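Visitor: Sequence first, predicted coordinates after that:
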Amino acid sequence: MKLYIGNKNYSSWSLRAWLMAAKSGVKFDEVLLQLDTDSFYQQLQSISPTLKVPTLVDGGITVWDSLSICEYINDCYLSGAAWPQEPKQKAKARSLACEMHSGFHALRNALPMNIRARRYVELSPAIQQDIARIDSIWSQQMTEFTPSKNQGTWLFGEWSIADMMFAPVVMRFFTYEIEVSQASRAYMEFIVSQPEMQAWITAAKAETEIVEADEAGVDR
Ligand SMILES: N[C@@H](CCC(=O)N[C@@H](CS)C(=O)NCC(=O)O)C(=O)O
């Protein structure tokens, strides 16, 4: 299995697929392509129809799009274990994953993932609305699943694709020092404490390339 990803500091969509591959325990090779360079598009030319990362190549099939990659790994290697097994919880987890995948445009546009930075950005009402919704999702899920108050856990008690989809937002909230409820903060701390996330963050901080389009805000 070969996973093409972008810069670990910036590529939020790549983080979702990479975290899924890492959490699954399946052996995979990662190929890191530098965003915003000619070689990025040249290398993807023969691999991905969208010329975007993440793209997964496995046993003669190519899967592009972060959510599809998560679903593929879940179907082919985990027998479906990466969604909650109870149908109503599974429906909720899918709804949250899809809400993340297709929404929160104000937040995603204004607060790009930039793991090594600590920045201030003025929050428009639309961004504040996105933040409030995410805060309410995380805090509700923590209230339902955390073993003890103020302790973080996975959104559905066990790790699921929903957590993979929200991991880049966790990193954005740290970068822009977004204020959230105590329960959501516990979720954020829990996610970054995962060994796979620590490995990604360490690699991201070691990168030196700069993608100007993703450098938002002013240094704190
Ligand atoms: N919906 C896609 C979006 C992928 C995407 O936009 N990836 C960005 C990197 S984070 C990319 O490849 N950008 C290169 C470009 O658009 O030229 C997914 O979920 O994988």
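Guide: Sure thing, it's come through.
Visitor: Could you report the distance from residue 148 to the ligand?
Guide: 34 Å (CB to the nearest ligand atom, to the nearest Å). Bear in mind the C-beta positions are built from the backbone N, C-alpha and C, glycine included.
Visitor: right, and the secondary structure at that residue would be what?
Guide: At residue 148, secondary structure determined by DSSP: H, G, I helix; E, B strand; the rest coil is coil.
Visitor: can you check residue 3 too?
Guide: Assignment for residue 3 (three-state DSSP): strand.
Visitor: That one and residue 17 touch, don't they?
Guide: Yes. Applying CB atoms under 8 Å as the test, residue 3 and residue 17 come out as touching, 6.2 Å apart.
Visitor: okay, the two: which has more neighbours?
Guide: Taking neighbours as other CB atoms under 10 Å, residue 3 and residue 17 compare with residue 17 leading, 30 against 24.
Visitor: Could you report the neighbour count for the closest residue to residue 78 other than its chain neighbours?
Guide: Excluding the flanking residues, the one nearest residue 78 by CB to CB, 6 or more residues apart in numbering is residue 24, at 5.8 Å. Using other CB under 10 Å, residue 24 has 20 other residues around it.
Visitor: Contacts only, for residue 24.
Guide: Residues near residue 24 by CB atoms under 8 Å, 6 or more residues apart in numbering: 73-74, 77-78, 82.
Visitor: same thing but at 10 Å, please
Guide: 1, 70, 73-74, 76-78, 81-82, 159, 164 (CB atoms under 10 Å, 6 or more residues apart in numbering).
Visitor: any idea how far residue 196 is from it?
Guide: With the distance defined as CB to CB, to the nearest Å, residue 24 ends up 10 Å from residue 196.
Visitor: what residues do the two have in common as contacts?
Guide: With CB under 10 Å, 6+ apart, residue 24 and residue 196 have common neighbours residue 159.
Visitor: Tell me which of the contacts of residue 24 fall in helices.
Guide: The helices, defined by DSSP state H, take in 70, 73-74, 76-77, 164 from those.
Visitor: Just flag the most distant two among those residues.
Guide: Greatest spatial distance in the ones in helices among the contacts of residue 24: 76 and 164, 15.8 Å, computed using CB to CB.
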